Structures are given as C-alpha cells and as structure tokens.
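Visitor: can't give you the sequence, but here's the structure:
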C-alpha cells in the first residue's frame, strides 16, 4: 500500500493495446476517473457486442471512487459509463454536448447516476482534487483538457486534442491558459499520442471547406456526405456549403438526426433557414439541389450508408451522377468493409471520393508531432506520461519528449494496469493492478471470458459433430447409435459416407475397450471423442468440436 | 452458344471483389487459362484455409481447356494450380522462377501435371492460340505480359506490372516490343488495375537503396528486414547493402530460405561471397554486423517475424538497439495484426520502421496512373478490359481509358463470370457464366458452402446449447431431462441458475403441448428449441445454436 501522501496514476484502459479510455487518479484512498470508453469488438472476439474496461481495481476498493469526468463525448471516452454506473453510480461530469449524449445513454440503459454539466473555464472540487477544465479543439465540440490540482502537485490531462488555429466556431484551444498552468508548475502531463506518427501539424477544419465546396458545385447529382454523427463542425460545414451552393440537406441515419437535434438545442449547430428537408420528401428535390448527410463512414453493417450501398435503404437509392464523399478516416480493421461499400456505391453509378483518391475532404481530430511538442512547451511538466495510444504510439511520444529535453527517467511509458506513484520531486512505478478488457455479450458483462471465446473459435473453425450412443447400463453393450449430427461441418454429398465410416470406427473402438471401462460413461465418451477426432483429422483434415452423449438404458 | 468464330474472354476470378486471378480465353470450343490464384480467407470465412476460383464452367466443358499460362509466381496467380490440376491436368507454362515455385507445389500436393518452362521472348502454340511472352517489371522476377494471337485478333494481357526504368537487374520492361504489338494492331488490352487510384508513377526499386542503406549504417544493433519471400530484388538489395555496410546476413523463415536457394540456382539472385551466415550461428556475430532477412511482413501468425515479435522464436530474440524494417505494404485487412506485431517489437526494445513513420523503404510492384496510360498508348487497343482489381479500381481504370480517348462503348467493365464476345470489329457482352470463389477446408474443396459458414457464424456468435430429453414413446411423458450442456455460451457463475430456469420453462411448455404432439419427436424438439430460444433471448439477450435431442424409451 502506498503512503497516503503519494499520488497514484493508474490507466485502466486506452494505453497499450485497447482503444477504450479510462484513467484513475488516486490520493489518500480516494480516486477520480477520467473517461470511461467502450471499444467495438475485433473479429476474433466472436459474438461479443462491446468491450468495456476492467474495473476490478475499483471493486476491490468500494467507496474509493469519488467521481468521473468526461473530456468529450466520443464513444471511446463515454461508452462504458452505463456499465460502470451499475456498480459505481458516482457523480459524473461532462461538457454540454457529452452531457446530452450521456443523458440519452442513461435513459436507454434505464440506469440512474448523478450527472453534472460543466463548461470549459469551470473549476470544482471532487474529493481531494480541484478540477479545472480548459477548452481545446478536437473532432467533436465541447472538448476539454483537465488541470487536476492535488496536494502533491498539478496533473494536466490533455484529453483528445489538436491545436486548430482556425476552428469553425472561431474558438481555438486556450493556449494562454495552458501556458499559465506551465508557469504555475505542473507535476505531470498526460498527453494524447494518437497521431504521434505524423509530422507537422494537423490541417485546420477550415482547410477542407474549399475542397468540399468544389465537389458540391461540380456534382451533377446529389452529394452524399458520410461522417461521424458526433462531428458537429463537419456537419456545420456541410450545412453551410449546401446553403451557399443552393442545395437542401436531408439526413439519413438515426445517430445523425439525434445529434443534429442536440447540437441545435445547445446552440453549437446553426442550421441555415430553409436548408433542411425531410428525407421522405427528398425525392421531390432535384438531384443537383440535394445534399444527404449520412452515418456509416466505417461501413457499420446497419448504418445508412452501408444500406444505401447495398440498395437496401428504402428512402434513398443511388442514381448515376450522385457523388458520395467519405469525410472520415478509415479506422484500422475497417478497410476491407469500407472498400466493399465503395465498390457497391460505384456499382450503383455513384462517383465516390475517399482518402485514397481525393485529398482534403477530411482532417484528423488529433495533434501531430509539432502540436504535441507545443503542448509540452506550454506545460513544461516535471514528469511525462503519454496516453491514448497503442504501445508503438506511446514509445514514439516518449522519444519525442526526450528529444525536447525531458530526462528519460522522468518519462513513464505506462500500459493499462501499470501504476505511477508521484511525490513532489519523485516518481516511481508501483505494483501493477488488474486492468484490461471485459466483454459484453447481450445482457452479460464479464461472463464471456477467453475460455468461452476459445470454444466459440473452435466451433467456428470446424463446426460441431454430436455423437449419441445408447448403451446397456449393466453390460455396456451398444443398444443403438452412435448417431451423428453435425452443424457447420460440411462435406456435402459425401457426408453420409463419412459419417457411416466414422460410426464404424467408433463401434470398432468400443469393441476394443476394456470391459471395466465399457460401463463407465465418461470413458466411453472419451473413446468416442478420441476416435471421431482421429477419423475426421485423417479423412478430412478437419477438427470439429465433438460432443459425445451416452445414454444408459 | 456463341458462333465458333467468336473469341470469348471470361474472367473466373480477380475481377470485382475477390483477389484470386484466373482468366479464360476461348475460341471454337477450346480455351486457354491465364493464372490460377488463391486468396487467403477473410475473417468472415470461418474455418476456411484457402479460397480458390470456381471453375464450374470448365467442368461443364470437359476437354475444352488446352493449357494454362502463369504470368508470374505470386500466390494470387499460381496458388490454386494444384487444385485445378486434380481435375484438369493440362499443360502448364511458367517462367523459370514461377516454374520452380509450382514444381514445389506439385510435390507438396503429390499431384501430376505437365509443367513447361518458358522465358520472356518465347513464342508457342496452345490449341488455336499463338502465345508470345513479353518481359515486364513487377515485384517478383520473371514476370511477363502476354500477347495471344487468335484467329479473331491479338489480345494483350498485361499480367501484374509496373514500368520500372531502372530495375535492379538492369532489365526494364520491353516497351519497344509492346509498341510493336500496338503497330501490328491489338484487338483488346487486358490491363492491371491494382494501383489505378494512385497518380504519377511508382518509384523505381532502386529509389529505396539509399534509404535502406542509411538505416543499415545508422542502426547500432541488428537490422531485421521483413519482406515477401518471393521478392528476390528486395532480397538482393538487402544482401548487397549488407555486404557494403559490413554486415552478414542470416535468414529466418522457411519460404525465404527456399526462395533464396531457388534464386541462386536460377542465377537471378547473386549472393555476395561470405555474406551469408547460418541463423544458428548468428548469435556469434556482433549485432551491428548482422542483418536478418525474415518473412512475416503481413503478420502471418506462424511467420518468423510474428514469432520473433511474440518472443516465441528460438533462434533469435530482439535486443534493445535492433532495428526492424517492414519493407512491404500493409495488405488491407492485415493492419490490426501488423500493428500488434509492431507494438510487440517495440516492447522488446526494437526501433521499428514501417510505412507510416519512414518513407522510401518500400515501393509498390504495380503501375500507377501514368504507367497505365503509357501501356494504353503503346498498345492502342480497339477494346479495353481492366483486370486485377475490385470494382472501384476497374471503374477508375475505365474512366482513365475514356479520358485517353477510348470510346466508352469499347471499354468493358467485366466482373467474375461476365463474358466478353469479340469479333474483328465488334464486341458485346455474352451470357454470364458461373464463377466466383470456392472454399478449401482441410482436404475438402467446395463442400463448405455459404450455408455451412452461416452455421459456423451462428455457433461462433452465441455458442451452443444441447438439450437432451428422454420421453416415453407411448405417452410422451418426460422420463428424464431436459439436460442442458453448453459450449462457448458463457454466463459464468450464473449458468446453473439459468439452466435450471430454462429446464423449468421447457417442462412447462411440454406440459402445454397437445397430447397428439407429445409423441411426435419432431414436434417435441421444435417446442424445446422454441422455448429455449425465447428464454435465452429474454434472460440474456443471446442466441445460441440450440440442438434438441429426444430419446424415446
């Protein structure tokens, strides 16, 4: 156990491999969480719906968590909140747009926890921590960095950020305030590593206006723009350009409709008068006078764009002459699926503009190397911890810090579950804690673990063969069977022949079984399993899951 | 049936969605195949080992296939040959390096078919077709384009190509010969579309020498270079640079060892004297004097590089100071896995150089837009068919041809199974034929179809619940059960409680069953399935595969 005067920084998610963010700051047995995100499952996570952080560490310290602050409203920062709140309904603080998104989640999940709204510039106290929120730019409105003043010193958590000097709302990051924090003295900077592989600076949101507008002017048909539904500034651009180029805007996709409504209510999205048209009436608008905003930039199977591409979206079908803009990056792992959506859109006659064939229609929301350096120069921390990235990003961010003169021993590459213990002049690694990922499958959270996934993988690789046998309980003589039933196994027309030979192999093997084993169902089952496994391996080079069932009569 | 004087072009694979190449050229009931590739399965193709083209069309015309020509030795052009040869052991023609690779495959698969070797510049006859092979550059040695003279006119098939003006073997593409073919008159050009999204020209192989050499000079430890095992020119560069920078070269990965041997035997790889060192003796070489050539640039699970990254490769472990170069592109779909390998290499202390953080360490093997235009200008075909690409590539290639003045009605965007019928002055689409993909699973080819995959997907999504019930065959009364067994289903500690409630639900449902149904096993099974499905959906929001088994006693 650390001495009470030690400040502990404990990433529970988002550092190393898994893209769901959750950070703990702990002092004197009280802790504060920053963000609580979900991840969508990778293909190897068979049947999993969502992945959430593992907060076993909190479970072992009931009542230690004092509150949770969301830096912004992206799913990888707020998505796991309803799951956390089932166990820890602690006060949760979020900026207006994130607050609205979380409120919706709270209703959907039918769960109660106190939810407070704050704005950049606000300060407040949570347990032993004095929080201050600093406005920064990102690919979603209402994003903040956090200054967390503790008895040991000030921690600055960058959130996700870029330093866009000319954002669409004329409200750039609060660099002077970051510099003031630096003047005051910062014990540790925790800074976003997502784009550390990229040199220079991320172009401004405003840099894509001209390119988007050119497409709107030149397209002979409708312009469909697909982007993240939470990217209100991108949506604002599309609305403004549409108004200027005399196009009306229809919206396809539930998330997009919801977020546009929230953005308008909050006053952070200004819809030009008369520009909106209901999707049901969009057919009456001439194609060269229509824009369609859609979700689905990552080819999510049930998204509007994917269904439009597959010609399975009732309210809208692509016509030749239409142009589709994918105003987003391809998230690694989604390239194949996005490629297929692009193929299908082309098949329906659309021109499709995506990052490989048209530059300047999307910019990243994360800071490149020069911006990361600037953050470091403004904050001038004593200790540095790269956050939000896979291992390769974190290590490059440490190298960048070292090039800027940060002593190597003051940089800490933490992965999920690692612990950094800070005192005013010293920092050291503590004992790692449990952290990582927990699977959500339907209503179950955490009951599907790696062993269940291994079974699913085995079933998915080779299917299943069920072998049923009835034996005499006294003699072990076979009364009927083995009857073989398969699922996901294959062998088509030859299956009867194979199953017949497999049956014979089982009967022969059971004949050979020692008399004292023949009345022991477990041994009979094991012999059936072994024989069938061997037969299918040899005959077909396949490894189905084999389920032997023995009925004693 | 087309009139005998019509020439038919029939892509069986590689055009539209699937990256395995196979093209048929047919005249007077006789056909010639060009390439016969495999594809590695996508994650959705559960349990599948390989994907090969569907040659049902050939099966319906026994004896029509006269021979098969391989344009080069990449797997997506030769990998399915052993499977084709089981049914159609026709004469197969390949350039020396491809010939050697195919010979190895023929032995591995223990299959016989006539295999001939040809060289660029050779001409020969196959059925009604006069073949001529033209040297072109690509990312594997011994690559050719083909001129196929037929009674209707000449077809030029580009193979996979780029126009590297300064290849490592000083043997650029035979542009003069392509121009001569154009002078002679070409009926149709079939041209590689892989890189049509990229403007300009692909840089020369030689352009990366300086960048590679700088890394070799600067690395304080070993330099590991991962590339495709068939890329002999890249391997040559690594050998030459190692010799110049006073490093010895060890080779990790069976494919790499084999191919270096073949390359030396064929005289297309020159190993500098004394540069090679056995991997078992590599430990004795000082790190800054050692290069390691490895396979695994796509993070294939059992490859040398992946095992090295996971610290599971006996003969070699990464030390801090080592540098790993991924001298290859990330094939779409592999990004996540490659990212994980990069993370692990960093964890072991290596510096890792890959396309995102270091440019100029790899060049593509395919022609960019300017080279595709040059091909068109040299050949000046009457008709144009883009090949080797997904739909989005094919349509862009057609657009490029049209921009160069090719009439739209002379460009044919064919997908797998589409048929182009050519006469001397006319071209038209014929009736499509069966084509597409066939799955290889173990020893089975084609028996695992989409319905089997659907079952595997269902099993992988929700696992399996087996429900066993014994009933009295006369009354239908339940004697024992239902007993529930699950695999890949989960619910952890609560499973007993859930299974108990599910059992009760089944018994209650069977009580309600009409007396005349209770003695019909099919109806009892259906009722069990329905009840369990409903229970697990409601209680857990899960959909396992449910297998009811009813034993009548």
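Guide: Sure thing, it's come through. The shown structure was predicted, so the numbers you read here are calculated from the model rather than taken from an experiment. Numbers count the residues shown, from 1 in each chain, chains lettered A, B, ... in the order given.

Visitor: near chain B, which residues of the stretch 451-553 of chain A show up?
Guide: Residues of the stretch 451-553 of chain A lying near chain B by CB under 8 Å from any CB of the partner chain: A:452-453, A:455-464, A:466, A:468, A:470, A:485, A:487-494, A:539-542, A:545, A:547, A:549, A:551, A:553. Every residue, glycine included, has its C-beta placed from N, CA and C.

Visitor: got the domain boundaries for chain A?
Guide: Split into domains by automatic domain parsing, chain A comes to A:9-200+A:364-445, A:205-353, A:463-552.

Visitor: Just the buried residues out of the residues of the stretch 451-553 of chain A next to chain B, in PyMOL syntax.
Guide: Burial among these is assessed by 16 or more other CB atoms under 10 Å in any protein chain shown; the matching PyMOL selection reads:
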select buried, chain A and resi 452+453+455+456+457+458+459+460+461+462+463+464+466+468+470+485+487+488+489+490+491+539+540+542+545+547+549+551
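
Visitor: Pull the number of nearby residues for residue A:314.
Guide: Residues near residue A:314, counting by other CB atoms under 10 Å in any protein chain shown, number 8.

Visitor: Give the phi and psi angles for it, as a check.
Guide: Dihedral pair for residue A:314: phi -60, psi -40, per degrees, to the nearest 10.

Visitor: Let me know the pLDDT of it.
Guide: Here the pLDDT value assigned to residue A:314 is 91.

Visitor: what do you get for the one 5 residues further on?
Guide: Per-residue confidence for residue A:319 comes out at a pLDDT of 95.

Visitor: show me what contacts it?
Guide: A:221, A:222, A:287, A:348, A:349 (CB atoms under 8 Å, 6 or more residues apart in numbering or on different chains).

Visitor: Distance to residue B:400 for these - can I get that in CSV?
Guide: As requested, the contacts of residue A:319 are exported to CSV (distance: CB to CB, whole Å):
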residue, distance to residue B:400
A:221, 22
A:222, 25
A:287, 26
A:348, 21
A:349, 18
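
Visitor: how about those residues in TSV, adding pLDDT?
Guide: Shown next, in TSV, are these (pLDDT from 0 to 100):
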residue	pLDDT
A:221	97
A:222	97
A:287	96
A:348	95
A:349	95
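
Visitor: Taking the residues you listed, tell me the two that lie furthest apart.
Guide: The span of the contacts of residue A:319, defined through CB to CB, is set by A:287 and A:348 at 13.5 Å.

Visitor: and the residue lying closest to residue A:53 once chain neighbours are set aside, how far is that from chain B?
Guide: The shortest distance from residue A:53 to any non-neighbouring residue, by CB to CB, 6 or more residues apart in numbering or on different chains, is to residue A:13 (3.6 Å). Distance, residue A:13 to chain B, by CB to the nearest CB, to the nearest Å: 16 Å.

Visitor: Show me what residue A:13 bridges to in the sheet.
Guide: Judged by DSSP bridges, the bridge partners of residue A:13 are residue A:22.

Visitor: Could you pick out the longest helix of chain A?
Guide: Using DSSP state H to assign secondary structure, the helix with the most residues in chain A is helix A:521-540.

Visitor: all strands for the stretch 101-250 of chain A, in order.
Guide: Applying DSSP state E, counting those that start in this stretch to the stretch 101-250 of chain A gives strands spanning A:115-117, A:123-126, A:129-136, A:143-149, A:154-157, A:188-192, A:223-226, A:248-252.

Visitor: Stretch A:388-400 vs chain B: in contact?
Guide: Yes. Stretch A:388-400 reaches chain B (CB under 8 Å from any CB) through A:390, A:391, A:392, A:395, A:396.

Visitor: Beyond the helix or strand hosting the third one, next helix or strand please.
Guide: For residue A:392, the element it lies in under DSSP states H and E is helix A:391-403. Secondary structure here is assigned by DSSP H and E; on that basis, the next helix or strand after helix A:391-403 toward the C-terminus is strand A:420-422.

Visitor: mind checking how far the helix or strand following that following strand is from the chain centre?
Guide: Next helix or strand after strand A:420-422 toward the C-terminus (DSSP H and E): strand A:427-429. Computed by CA atoms, centre = their mean, to the nearest Å, the chain-centroid distance of strand A:427-429 equals 30 Å.

Visitor: Name the residues that touch strand A:427-429?
Guide: Strand A:427-429 is contacted from outside by A:188, A:382, A:383, A:410, A:412, A:418, A:419, A:420, A:421, using CB under 8 Å, 6+ apart.

Visitor: Among the residues you listed, name the buried ones.
Guide: The neighbour-count test (16+ other CB under 10 Å) marks A:188, A:382, A:383, A:412, A:418, A:419, A:420, A:421 as buried among these.

Visitor: Switch those residues over to TSV; also include pLDDT and distance to chain B.
Guide: Converted to TSV, the buried ones among the contacts of strand A:427-429 look like this (pLDDT from 0 to 100; distance: CB to the nearest CB, whole Å):
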residue	pLDDT	distance to chain B
A:188	98	22
A:382	98	25
A:383	98	21
A:412	98	15
A:418	97	13
A:419	98	18
A:420	98	18
A:421	98	22
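
Visitor: which one of the residues of stretch A:388-400 next to chain B has the most neighbours?
Guide: residue A:392 (24 neighbours).

Visitor: Whichever residue of the stretch 101-250 of chain A sits closest to chain B: neighbour count?
Guide: In the stretch 101-250 of chain A, the residue that lies nearest chain B is residue A:197 (4.7 Å; CB to the nearest CB). The number of residues packed near residue A:197 is 18, by other CB under 10 Å.

Visitor: Can you read off the backbone torsions of it?
Guide: With angles defined as degrees, to the nearest 10, residue A:197 sits at phi -70, psi -10.

Visitor: shaky segments in chain A?
Guide: The model of chain A has pLDDT under 70 over residues A:1-4, A:491.

Visitor: now the contacts of residue A:319 as CSV including distance to residue B:202 and neighbour count?
Guide: Formatted as CSV, these follow (distance: CB to CB, whole Å; neighbours: other CB atoms under 10 Å in any protein chain shown):
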residue, distance to residue B:202, neighbour count
A:221, 33, 18
A:222, 35, 24
A:287, 37, 17
A:348, 31, 17
A:349, 30, 13
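
Visitor: and the closest residue to residue A:362 other than its chain neighbours, what is it in contact with?
Guide: Closest residue to residue A:362 apart from its sequence neighbours, by CB to CB, 6+ apart: residue A:327 at 4.9 Å. Residues in contact with residue A:327 (CB under 8 Å, 6+ apart) are A:208, A:212, A:225, A:226, A:227, A:234, A:297, A:361, A:362.

Visitor: Now intersect the residues you listed with the helices, please.
Guide: Members of the contacts of residue A:327 lying in helices (criterion: DSSP H): A:212, A:234.

Visitor: quick one: which of the contacts of residue A:327 has the most company?
Guide: Most neighbours among the contacts of residue A:327, by other CB under 10 Å: residue A:226, with 30 neighbours.

Visitor: measure it to residue B:24 for me?
Guide: Per CB to CB, to the nearest Å, residue A:226 is found 38 Å from residue B:24.

Visitor: and if you look at residue A:457?
Guide: 38 Å.

Visitor: now residue A:527
Guide: Applying CB to CB to residue A:527 and residue B:24 gives a distance of 50 Å.

Visitor: out of the two, which sits in the more crowded spot?
Guide: Remark: of residue A:527 and residue B:24, residue B:24 carries more neighbours, 22 against 18, as counted by other CB under 10 Å.

Visitor: Secondary structure class of that one, three-state.
Guide: strand (DSSP: H, G, I helix; E, B strand; the rest coil).

Visitor: Let me know whether it touches residue B:57 as I believe.
Guide: Yes. Contact criterion CB atoms under 8 Å: residue B:24 and residue B:57 qualify, at 7.3 Å.
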